[in-house]
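Q: quick one: sequence and predicted model below, then my questions.
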Amino acid sequence: MVAQIDKMYGQTITFLDWMKVGVPLAATFLICTWLLITKVLFRVQGDILQGKGKQLIDAEMAKLGSMKKEEKIIVAVFAVVASMWILLGLVKLPMFKGVTDASIAIAGALLLFIIPSDMKKGVFLLDWKTAVKIPWDVIILFGGGLCLADGFQATGLTKYIAGQLTGLEGLHIILIIAAIVALNIFLTEVTSNTAVATLMIPVMGAIAVGMHIHPFGPIVAACIACSYAFMLPVATPPNAVVFGSGAVTIRQMARTGFWLNLLGIVQITLVVYYLMPLVWGVDLSVMPDWAIPKK
């Protein structure tokens, strides 16, 4: 999303900007999910795991063992990268000119290739044999999304879609956001969330043009919604992992996921409509000059 917004509009959303929206969203959804699952859908009696929870956690921690030197170094590298992402959004220094979130991430990855885990054996924290196992198809998919956004602009499809949506101008923005969130959440249940987000972001930009509203509203709503799919194992890799454990049936996952999806629709809509404009300093009802398609 960040790369596509930069490509389409030349606007930068920093890591810190995203945290201002993402952290409250994740924290509140975690609490609401826990309450919904443990107090409503699967009522857990307080004494069922009394005294056993800590034992179970301690046993699992013992299986992991203590952190190795290599693991500590990787944690340190990640901490530096994350700190730089946050610092980049807080401090504007001449030395940071031209530095982006992407360049910081690449620098962190290169460090893993450079820092040795065993100097005598010539082994490094990351080697190419491991790197080739990275799902590069996802990166190609991101690149395809940027090409798709360019294609929307170059062929005039953005203007066409915008023209077809002029009749929606009378609808309240919060209703549009709720509809966008619902569409993307349930679409992601049967399709790759990355693919849906890549495809939908240019369309959301066209919707913003057609309704003469700030593009961040529909784009951010659609992007976040693509991560809120909880009903089916095929929706996201974490869902597949949980289902693969054998502890959850399809029926249980679908039943629980449906209510979580509804909770997500409400929460994302409220966060995008109320919190995001407050922390980002934007007005969703006004289309900025940089978002108006060039003639």
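A: Arrived safely, thanks for sending. Numbers count the residues shown, from 1 in each chain.
Q: which pLDDT value does the model give Val266?
A: For Val266, the pLDDT comes out at 95.
Q: before we move on, what about the one 4 residues further on?
A: Reported pLDDT at Leu270 in the predicted model: 95.
Q: ok, now Lys294?
A: Predicted confidence (pLDDT) for Lys294: 68.
Q: give the next helix or strand downstream of the lowest-mean-pLDDT helix or strand in the chain.
A: For the chain, using mean pLDDT, DSSP states H and E, the weakest element among its helices and strands is helix 157-164, scoring a mean of 67. Sequence order places helix 173-188 as the next helix or strand after helix 157-164, per DSSP states H and E.
Q: quick one: the helices in the stretch 1-150 of the chain?
A: Taking DSSP state H, counting those that start in this stretch as the criterion, the stretch 1-150 of the chain contains helices spanning 2-9, 15-35, 53-64, 69-90, 101-114, 128-131, 136-155.
Q: distance check, the nearest residue to Gly10 once chain neighbours are set aside against Ile5.
A: Spatially, and ignoring its direct neighbours in sequence, Gly10 is nearest to Trp290 (6.4 Å; CB to CB, 6 or more residues apart in numbering). For glycine as for every other residue, the C-beta is placed from the backbone atoms N, C-alpha and C. Separation of Trp290 from Ile5 (CB to CB, to the nearest Å) stands at 11 Å.
Q: host element of the nearest residue to Lys20 once chain neighbours are set aside?
A: Spatially, and ignoring its direct neighbours in sequence, Lys20 is nearest to Val279 (4.1 Å; CB to CB, 6+ apart). Under the criterion of DSSP H and E, Val279 resides in helix 276-280.
Q: just how off-centre is that helix within its chain?
A: 17 Å (CA atoms, centre = their mean, to the nearest Å).
Q: please apply the same query to stretch 259-268.
A: 16 Å.
Q: related to what we said a few turns ago, burial count for the residue nearest to Lys20?
A: The local packing of Val279 (other CB atoms under 10 Å) involves 13 other residues.
Q: relative to Trp290, how far out is it?
A: Distance, Val279 to Trp290, using CB to CB: 20 Å.
Q: just the helices of the stretch 1-150 of the chain: most buried one?
A: Of all the helices of the stretch 1-150 of the chain, helix 2-9 carries the top mean neighbour count, a mean of 18, counting by mean count of other CB atoms under 10 Å.
Q: helix 101-114 and that one, what's the angle between them?
A: Counting by axes from the mean of the first three to the mean of the last three CA atoms, to 10 degrees, helix 2-9 points 140 degrees away from the direction of helix 101-114.
Q: can you give the distance of helix 2-9 from its chain's centre?
A: Offset of helix 2-9 from its chain centre (CA atoms, centre = their mean): 15 Å.
Q: can you check stretch 104-116 too?
A: 23 Å.
Q: now it: average pLDDT?
A: 90.
Q: run through who's touching it.
A: Residues from elsewhere that reach stretch 104-116 (CB atoms under 8 Å, 6 or more residues apart in numbering): 73-74, 77-78, 80-81, 84-85, 88, 122-127.
Q: which other residues reach stretch 17-26?
A: For stretch 17-26, the surrounding residues in contact (CB under 8 Å, 6+ apart) are 2, 86, 89, 220, 224, 267-268, 271-272, 275-276, 279-280.
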